[in-house]
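Student: Any chance you could fold what I've pasted below:
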Amino acid sequence: MSWTSGASDIMGGAEVYGFDGGKVGTIAQAYPGYIVVEKGFFFPTDYYIPRSAISEVRDGQVYLNVSKDDALQHGWETQPSDLQTATGVLDSITDAGAGIADVGRDQVVGATRIDEGEEIRIPVIEEELTATVRPRQAGEVRIEKDVVTEQRTIDVPLTEERVRVEHRIVNRPLTAADTGAFEETVIEVPVQSETVDVQKQARVAEEIVISKEAVQRTERVSDTVRREEVHVDEDTLTEPTLYEGETGSTPAV
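Tutor: Predicted structure coming up:
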């Protein structure tokens with residue numbers, strides 16, 4: 001049967017559920033145009049849900065025509081200015097055994113009401129793989145200098161004097177110039193020669209040039225990413241003509 005909602009038609013403490021079966025909360029107070037639903041235990045939050053969102057009252061429990069998440073995210077936690085004065089008439093609310101009236105006129109698809117000309121946008125999210133590079137020490141190159149000793153030989157030209165004695169046969173008379181005749185005489189003739197002194201001198205034989213240059217290489221990395229897929233279940237439609245897929249959309253399963 002049809003009835004007009006009032007302040008006392010729903011009892012306090014009744015549990016409120018969304019169309020998806022999720023519990024929204026417990027009724028703390030009822031007004032002619034709203035029900036106040038308390039959510040939470042330690043820090044409860046009040047949601048002022050209009051009676052137009054009620055689809056059914058059955059066995060002392062209230063069922064909404066929106067899901068639990070939609071009810072909690074609809075902005076109903078703000079107290080309306082017409083809380084005390086608003087009234088609501090719901091001819092579609094019936095007692096046990098009844099459903100939403102006139103479903104053929106205003107169809108509820110997936111329990112979400114969509115009017116003609118409206119559309120629902122469902123974001124389909126996927127992850128993409130990106131990579132960043134950071135410097136790290138790959139190792140080091142150690143360069144050492146050692147002092148080694150080797151034997152090296154060079155040829156040095158030397159000059160030395162030698163005494164040469166010649167005997168010449170002379171047949172002439174003795175003259176005054178020939179002094180020291182018949183005298184014992186010692187003549188000393190100095191003889192010179194060269195000796196070798198070895199010196200060592202340090203010199204730069206070559207240079208070792210050390211430098212660094214950056215070269216690029218390609219490394220292949222892989223990881224697991226997630227993406228969302230949308231599947232349309234046509235088996236729940238009593239009339240298959242109600243669903244019309246579009247080219248380029250996510251394939252229906």
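Student: secondary structure class for residue 235?
Tutor: helix (DSSP: H, G, I helix; E, B strand; the rest coil).
Student: Count the neighbours of it for me.
Tutor: By the criterion of other C-beta atoms under 10 Å, residue 235 has 5 neighbours. Heads up, the C-betas are built off the backbone N, CA and C, glycines and all.
Student: give the contact list for it.
Tutor: Residue 235 is in contact with no residue at all, counting by C-beta atoms under 8 Å, 6 or more residues apart in numbering.
Student: just the strands in the stretch 1-150 of the chain please.
Tutor: In order along the chain, the stretch 1-150 of the chain carries the following strands (DSSP state E, counting those that start in this stretch): 15-17, 23-30, 34-39, 45-50, 54-58, 61-64, 108-109, 112-113.
Student: Check which strands are paired with the longest one and give the direction for each one.
Tutor: Partner strands for strand 23-30, per DSSP bridges, with pairing direction: strand 15-17 (antiparallel), strand 34-39 (antiparallel).
Student: Show me what the longest one is in contact with.
Tutor: When you say that, I think you mean strand 34-39. Contacts with strand 34-39, where a contact means C-beta under 8 Å, 6+ apart, come from 10, 16, 24-30, 44-51, 54, 62, 71-72, 80, 83, 86.
Student: Kindly report the same for the shortest one.
Tutor: Counting by C-beta under 8 Å, 6+ apart, the neighbours of strand 15-17 from elsewhere in the structure are 23-27, 35, 37, 49, 61-64, 68.
Student: tell me the mean pLDDT for stretch 137-151?
Tutor: Averaging pLDDT along stretch 137-151 yields 91.
Student: circling back to that earlier point, just the buried residues of the contacts of strand 34-39.
Tutor: The neighbour count (16 or more other C-beta atoms under 10 Å) marks 10, 16, 24-27, 30, 46-51, 54, 62, 71-72 as buried among those.
Student: On the pLDDT front, check residue 77 for me.
Tutor: pLDDT recorded at residue 77 is 89.
Student: Neighbours of it, how many?
Tutor: Applying other C-beta under 10 Å, we find 13 residues neighbouring residue 77.
Student: Which residue ranges of the stretch 1-150 of the chain form helices?
Tutor: 68-72 (DSSP state H, counting those that start in this stretch).
Student: what bits of it have low per-residue confidence?
Tutor: Along the stretch 1-150 of the chain, the parts satisfying pLDDT under 70 run over 1-9, 88-117.
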